[in-house]
Structure formats: C-alpha cells, structure tokens
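> Quick check, what structure comes out for this input:
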Amino acid sequence: MTDQSVGIAAPGDKDKAIATLELAFAADPVMRWFWPDPAVYRATFSRFVGAIAGEAFEHRTALWLDDGHAVALWLPPGLVADDDALLQIMLESVDPDLLIDLSAFADVIHEHHPVVEHWYLPFTGVDPFIQGNGLGSTLLRHALATCDLHELPAYLEASTVRSRLLYERFGFREIGAIQVGTSPRVWAMMRDPIPPR
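Numbering: from 1, shown residues only. Presented below is the predicted three-dimensional model:
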C-alpha cells in the first residue's frame, strides 16, 4: 500500500461500504435519472452496485478510508459486471417509459469502454457529511499508484462536471461525452499509466 491509511473492504464490509456509496450518490444525475423516486433509489441501489462491482470485495480491490466513510470499488483487468443481474434489476425497477433511452444509453457506455487491459472504477464516493477533506483524492491516488506499478491504464465515467474536473487533475482525459435521449451527460475518461522516474 502506498497510503497506509487506505484499507481493503472485505466481503463482510460490503453492506457498510455500499451504504456510504448510497449516501454519496443520492444526488448523482445518472442514478436519479434511473430512479427519481427516493424510495425506489434506496431499495435498488445496493443490488445495482453489487451487480456491477460486487466482485471487488472478493478480489480485494474494494478500498476504503475513515472506517468506511470513503469507498472506491475498482475492477481489475478481466473482471466485469454481471450483465444478466443488471438487466433484471433495471427491468424490475426503472420506469418502463425510460427503458428505451436507458438501453440506448447503456449501449453507448459499452461502446466507450476500453477493450485494452485496464482497471475500471465504476463507483467511488465519500459520505456527504465529511466530503471536502481529501478522502476521495487519497483513495484515487492510492489506486492509480497500483495502475502505474503494473503499467496499466485506468478508466471511469464521470457523471458531473465537478467530478470530471477532479479526475482531470489526476491525469484522466476525456475520450467521449455521452448523452442519449433524456439521459444526463456522462464523460468517458481514460488515464494512461505514468512510468516511474
């Protein structure tokens, strides 16, 4: 570990870690486009995260800080979302009037996803009560050091201008702006590894 304060969230920590992410994403444009009803958002978010990034807990790539108040779920090369579970969740929880736009949005997201070996960050967030203290940056810096060590790029989708600007400060570059139908805008971003000096 490059940052001694960064810990691994074990499988037994999954509920606590996802609860932090649920708070962090409560006003996220994409999540609330999926589920504008707060009750549906709260009832669905945990399963959604599990389908996309639940394997991070088993593979020791779920990172956290401050007793779980800051969380980053990374998928290493070769690890992918459970698309079947994800499709079922969306069919059960999303307003049917949104499904056509959502399907097209998901297709474009998929088209931007790199085919080269890479690390993927689908979820990272900090409890809103303590945001602004650098915990998210610490988690990001720690994981990117691993990417650099293994000479692998990192990929993510930024869902707000603020997060896009943050990721740019860490070396990510925009590789595509995604907006389909009624969807909010999302920025696909890639970071090349930085070789050792």
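
> Below-threshold pLDDT in the chain: ranges please.
Applying pLDDT under 70 to the chain picks out residues 1-4.

> ok, which stretches of it are helices?
All helices of the chain, identified by DSSP state H, fall at 14-24, 29-34, 38-53, 55-58, 83-93, 99-112, 135-149, 161-169.

> Not counting the third one itself, show me its contacts.
I take that to be helix 38-53. Helix 38-53 is contacted by residues 14-15, 18-19, 21-22, 25-26, 31-32, 34-35, 62, 73, 75, 81-82, 85-86, 89, 93, 122-123 when judged by CB atoms under 8 Å, 6 or more residues apart in numbering. All C-beta atoms are positioned from the backbone trio N, CA, C, and that covers glycine.

> among the residues you listed, which ones are buried?
14, 18, 21-22, 25, 31, 34-35, 62, 73, 75, 81, 86, 89, 93, 122-123 (16 or more other CB atoms under 10 Å).

> Dump the helices of the chain into a markdown table; add distance to H69 as well.
Listed next are the helices of the chain as a markdown table, based on distance: least, CB to CB, whole Å:
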| stretch | distance to H69 |
| --- | --- |
| helix 14-24 | 6 |
| helix 29-34 | 19 |
| helix 38-53 | 16 |
| helix 55-58 | 17 |
| helix 83-93 | 26 |
| helix 99-112 | 28 |
| helix 135-149 | 7 |
| helix 161-169 | 18 |
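
> Of all those, which one comes closest to R197?
helix 135-149 (10.7 Å; CB to CB).

> Would you mind getting the angle between that closest one and helix 161-169?
Counting by axes from the mean of the first three to the mean of the last three CA atoms, to 10 degrees, helix 135-149 lies at 40 degrees to helix 161-169.

> CA atoms only for helix 135-149, dumped as PDB, please.
Provided in PDB are the C-alpha atoms of helix 135-149 (Å, rounded to 0.1, in the frame of the first residue of the first chain):
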ATOM      1  CA  LEU A 135     -10.500  11.400   1.300                       C
ATOM      2  CA  GLY A 136     -11.700  10.700  -2.300                       C
ATOM      3  CA  SER A 137      -8.400  12.000  -3.600                       C
ATOM      4  CA  THR A 138      -6.400   9.800  -1.200                       C
ATOM      5  CA  LEU A 139      -8.300   6.700  -2.500                       C
ATOM      6  CA  LEU A 140      -7.800   7.700  -6.100                       C
ATOM      7  CA  ARG A 141      -4.100   8.400  -5.600                       C
ATOM      8  CA  HIS A 142      -3.600   5.000  -3.900                       C
ATOM      9  CA  ALA A 143      -5.300   3.000  -6.700                       C
ATOM     10  CA  LEU A 144      -3.600   5.000  -9.500                       C
ATOM     11  CA  ALA A 145      -0.200   4.100  -8.000                       C
ATOM     12  CA  THR A 146      -1.200   0.400  -8.500                       C
ATOM     13  CA  CYS A 147      -2.100   1.100 -12.100                       C
ATOM     14  CA  ASP A 148       1.300   2.800 -12.600                       C
ATOM     15  CA  LEU A 149       3.100   0.000 -10.900                       C
END
